[in-house]
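[1] Requesting a structural model of the entry that follows:
(2 chains)
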Amino acid sequence: MFSTVTGGEAAIAAAHELLARKRRGDSRVAELGVDQVREQLSLAVDRVMSEGSLHDPTLAALAIKQAQGDLGEAICLLRAFRTTLERFGETEAVDTPSMRIRRRIATTHKSVPGGQLLGPTYDYTHRLLDFALMAENEDLPPDPAVAVAEVVPATLGALEGNALLEAALAAADDAEPGDITRDTITFPSRRDVRLQNLARGEEGFLQGLAYSTMRGFGRNHPFIADLRHGEVEVELQVPELGFPVCVGEITLTECQTVHRYPGDAARPPQLTRGYGLSFGQCERRAIAMALLDRAMRANEFNEEAEFPAQDEEFVLAHSDGVEASGLIQHLKLPHYVDFQAVQQLLEKLRASWPPRPQEFPDDSE
Amino acid sequence: MIPNDDEVAGGYNFAYLDEQTKRMVRRAILKAVCIPGHQVPFGSREMPLPAGWGTGGLQVTASVIGPDDVLKVIDQGTDAATNAVSIRAFFRRVAGLATTERTREASLIQTRHRIPETPLTEEQILVLQVPQPEPLRQLVPRGAAARRLHAFADYGVMYVKLYEDIARFGRVTLAYDYPVLVNGRYLASPSPIPRFDNPKLDNSRALSLFGAGRERRLYAIPPYTRVASLDFGDHPFEVQRWSVGCALCGSRASYLDEIGSGGPGARMFVCSDTDYCEERREASAPARRAAGGGRP
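    Next up, the predicted model:
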């Protein structure tokens, strides 16, 4: 028996109920608390905050719980909430040199001003399943001392003041930073707009493209000059006061890369820059972002842009995970009408297949 | 140093990989030794380190090492670098192996980005971690095209790159991972060692094994094999040189690292090979003491 699916409210309601049960899982297992997600799945929270463009660990944790741990879905939830928030001001640029450092590494020199601080990292763990974690008996002291650097390290690893380094671009006074949440990106794009786009780009996409630049599809050999993670203050200009006031702290990961550049007629050989920034501790995405930032500066440096990662329109138009997920999954919607049209067309084409060679009058003598 | 019992992890085969996998890797190594410089595909496994952090070297080491071997692991020339510490700890844990920081004492040396300054012997194996085994990758990104060039030993594209560098900049602009021709046949990546180390591969007494885990390739340079860094008659290959010696041991024959010394502008250089540097300082200490000079 054939039945047509109507927009059946009952079917949708039943699906939602099944979803709620699936989300809860076996009811003999304790329910997951949002606070548990926030505290114990903090790297997932960080990724959701970054791609969701909203620094709110509790709401990100809620989104993860609600989405059954599907981070793409959680990011959609957070973005949809973010869009309802009223914008009441713009903060000052955060001052990452004065970050309270939890972790900071530089890879260009053995010793760097301010020192190397490994901090909390999986970098040198052996990826062996720790079966001890199967049992819930972790008993850490309630307030473990958090390593925080005493001295604020230099801005750019050991390279600050290095004559080979490309000068940091001074912010042009008259140029308001772009805002990709309000304005359409036009091409050729500005670097601030590209960085905004990358900052909330889908991590896997950024990583894959950045990886391609390291495998010959758009070479730009990077060095990480400075990778840091910690807290910065957020300051807001309050018109009534006339000076900026601190309204809170956010956790960031910042990555600055340097890339060798052989120079051209106008510029001497030098180290050019790439920049990556992310909420929370998201080092992989910050590094990938910095590599792509540099890759997309190809035009600026008269480099031939022949590979996908160097093509700003290709990268920026496809980096957003919410948009990509939406269109990919829209294929689950009904397409009866279009399909019917395609089927008819194919039937007609087939009826006259193979095409008979067209006969032309032979006018050669 | 021999690990304590509680350092060694139970539940894993000796040196982590199962024996079938080791046999597969060894077969690939045998083929690689027979065809010096040729990249041999192998069934690279997921390892408990991230790809790109030495998983190729790790698999080669795990496949050739035995319980009587003494392992040394270096990264950037030093045993103290974080990833070297991690890999050394890994083998102590899964193989219960004795490890050393002394180049002369090691039977197997796994390294990233350097070849030790102390000349290696016929009794030693050098395992190099390789991020990109294909020397033509940056010029010919597609693997199928690059393989064809290797098949015909058609390395014109690399010579053109070197020529263009010389024409534009007056010198070849490759500072590390400088391509070599192995046994007069295959172009190979020496791994990202500085140019400075390339001559050490030529007619080396030790077997050099190159493992690229992520790219699933390994290759070898057998002992006493000709290894030539590409160059031109009128622009011969050159290695890095410094105008000063090591600030610690005074060596003028080793690769030097710049270290920050506080004030801006002040630059200090020390040996990148920490074992070499230490050995030289130890050797010169008694002499200085006899002369009534240096510290005891």
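[2] tell me the SS of the one residue sitting closest to the centre of chain B?
    Most central in chain B under Cα atoms, centre = their mean is B:L128, positioned 3.9 Å from the mean C-alpha point. Here B:L128 is recorded as strand under DSSP: H, G, I helix; E, B strand; the rest coil.
[3] what's it in contact with, if anything?
    Counting by Cβ atoms under 8 Å, 6 or more residues apart in numbering or on different chains, B:L128 touches B:G57, B:Q110, B:T111, B:R112, B:I115, B:P190, B:S191, B:I193, B:S208, B:L209, B:F210, B:G211. Where you see a C-beta, it was placed from the backbone N, CA and C, and this is true even at glycine.
[4] Just the buried ones out of the residues you listed, please.
    Listed as buried from these are B:G57, B:Q110, B:T111, B:R112, B:I115, B:P190, B:S191, B:I193, B:S208, B:L209, B:F210, B:G211; burial here means 16 or more other Cβ atoms under 10 Å in any protein chain shown.
[5] Report the secondary structure state of the last one.
    If I follow you right, that is B:G211. With three-state DSSP as the criterion, B:G211 was assigned strand.
[6] Check whether stretch B:155-168 comes near chain A.
    Yes - for stretch B:155-168, a contact with chain A is found by Cβ under 8 Å from any Cβ of the partner chain, at B:R168.
[7] Could you tell me which of the contacts of B:L128 are located in helices?
    Using DSSP state H, the members of the contacts of B:L128 that fall in helices are B:G57.
[8] can you list the domains in the chain?
    In the absence of a named chain, this looks at chain A. A:15-82, A:96-119+A:146-169+A:177-319 (automatic domain parsing).
[9] wrong one, chain B
    According to automatic domain parsing, the ranges for chain B are B:19-133+B:199-223, B:241-296.
[10] re the thing from before, what's the closest of the domains of chain A to B:S272?
    domain A:96-119+A:146-169+A:177-319 (8.4 Å; Cβ to Cβ).
[11] Does the closest one reach chain B?
    Yes - remark: domain A:96-119+A:146-169+A:177-319 sits within contact range of chain B at A:109-113, A:118, A:158, A:161, A:215-217, A:219, A:262, A:269, A:307, by Cβ under 8 Å from any Cβ.
[12] Tell me which residues touch the residue in the stretch 151-300 of chain A positioned nearest to chain B, please.
    Chain B sits closest to A:G216 of the stretch 151-300 of chain A, with a gap of 3.6 Å, by Cβ to the nearest Cβ. Contact analysis of A:G216 by Cβ under 8 Å, 6+ apart lists B:Q132, B:R137, B:Q138, B:L139, B:V140, B:P141.
[13] And A:E231, by the same measure?
    Taking Cβ under 8 Å, 6+ apart as the test, what A:E231 contacts is A:M99, A:R100, A:R102, A:E249, A:I250, A:T251, A:L252.
[14] try it again with 7 Å
    By Cβ atoms under 7 Å, 6 or more residues apart in numbering or on different chains, the contact list for A:E231 reads A:M99, A:R100, A:E249, A:T251.
[15] Ok, A:A44 next?
    A:A44 is in contact with A:I64, A:L71, counting by Cβ under 7 Å, 6+ apart.
[16] Which secondary structure element is home to it?
    Secondary structure assigned from DSSP states H and E places A:A44 in helix A:42-52.
[17] ok, back up a step: same list (the domains of chain A) but as JSON lines, adding mean pLDDT.
    Formatted as JSON lines, those follow (pLDDT from 0 to 100):
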{"stretch": "domain A:15-82", "mean pLDDT": "97"}
{"stretch": "domain A:96-119+A:146-169+A:177-319", "mean pLDDT": "91"}
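[18] With distance to B:S284 as extra columns, can I get those domains in a markdown table?
    Below are the domains of chain A laid out as a markdown table (distance: least, Cβ to Cβ, whole Å):
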| stretch | distance to B:S284 |
| --- | --- |
| domain A:15-82 | 50 |
| domain A:96-119+A:146-169+A:177-319 | 23 |
